[in-house]
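Trainee: need a structure here:
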Amino acid sequence: MARTRHSNSHRGGPRVEMERVLPSKVAAISPFVDKLMLLIKKCRCAPGNETDIEIALREALENAVIHGNHEDPRKHVYVRCRCEADEEVSIIVKDEGQGFDSNALPDPTGPGAIQSTHGRGVYMMKAFMDEVRFEQGGAVVYMRKKSGNAQPDRPKDL
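Mentor: Model (predicted):
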């Protein structure tokens, strides 16, 4: 399913809303992210913050495909993006998995975890976006990045 809506009726300027359904394949992530980031840049939704958005989006999609759907070809990942020019970008990523307890994740900066090759996705999403919350038992992640060049309060290790 692919749907994109453009609107000029929003208070600050144009708004673009897009919905896509992706297969549960790691190979589907980069082509999709590349296209969505072009749209976000073109619409100037969060100028100066595109790299932060891209990193968080890639992490959310990888988590959905790998951990949520376990790369099951019968399952899909649903993405919804709303881009409001010079205001914000909000992205919702939903998988068909069982979810997880986002409060039970170990600290990826703690002793012993620093050498691990995984376990930093949620940490990075929270570091790069202004708002990250998990819904439906962790099967849905909602992320938002406001416009502006202000950098989030990132941990010094990033």
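
Trainee: show me where the protein has its helices.
Mentor: Here the chain has its helices, by DSSP state H, at 29-43, 50-62, 121-128.

Trainee: export the ones you listed to JSON lines and append columns for mean neighbour count, distance to Arg74 and mean pLDDT.
Mentor: Using the backbone N, CA and C atoms, a C-beta is placed for each residue, glycine as well. As requested, the helices of the chain are exported to JSON lines (neighbours: other C-beta atoms under 10 Å; distance: least, C-beta to C-beta, whole Å; pLDDT from 0 to 100):
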{"stretch": "helix 29-43", "mean neighbour count": "15", "distance to Arg74": "18", "mean pLDDT": "94"}
{"stretch": "helix 50-62", "mean neighbour count": "21", "distance to Arg74": "18", "mean pLDDT": "96"}
{"stretch": "helix 121-128", "mean neighbour count": "21", "distance to Arg74": "23", "mean pLDDT": "90"}
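
Trainee: where are the low-confidence patches of the protein?
Mentor: Within the chain, the segments meeting pLDDT under 70 span 1-13, 106, 108-109, 113-119, 149-158.

Trainee: switch the cut-off to 80
Mentor: 1-14, 101-120, 148-158 (pLDDT under 80).

Trainee: residues contacting Gln136?
Mentor: Contacts for Gln136 (C-beta atoms under 8 Å, 6 or more residues apart in numbering) come out as 94, 99.

Trainee: could you save the helices of the chain as TSV and add columns showing distance to Glu87?
Mentor: TSV is the format used below for the helices of the chain (distance: least, C-beta to C-beta, whole Å):
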stretch	distance to Glu87
helix 29-43	10
helix 50-62	13
helix 121-128	18
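
Trainee: and Asn88, how many neighbours?
Mentor: To be clear, residue 88 is Glu; Asn isn't right here. Using other C-beta atoms under 10 Å, the number of residues around Glu88 comes to 19.

Trainee: my bad, Ser24
Mentor: 21.

Trainee: tell me the phi and psi of it?
Mentor: phi -80, psi 70 (degrees, to the nearest 10).

Trainee: show the contacting residues for the nearest residue to it once chain neighbours are set aside.
Mentor: Leaving aside its chain neighbours, Ser24 sits nearest to Asn69 (4.0 Å; criterion: C-beta to C-beta, 6 or more residues apart in numbering). Going by C-beta under 8 Å, 6+ apart, Asn69 touches 24, 75-77, 95-97.
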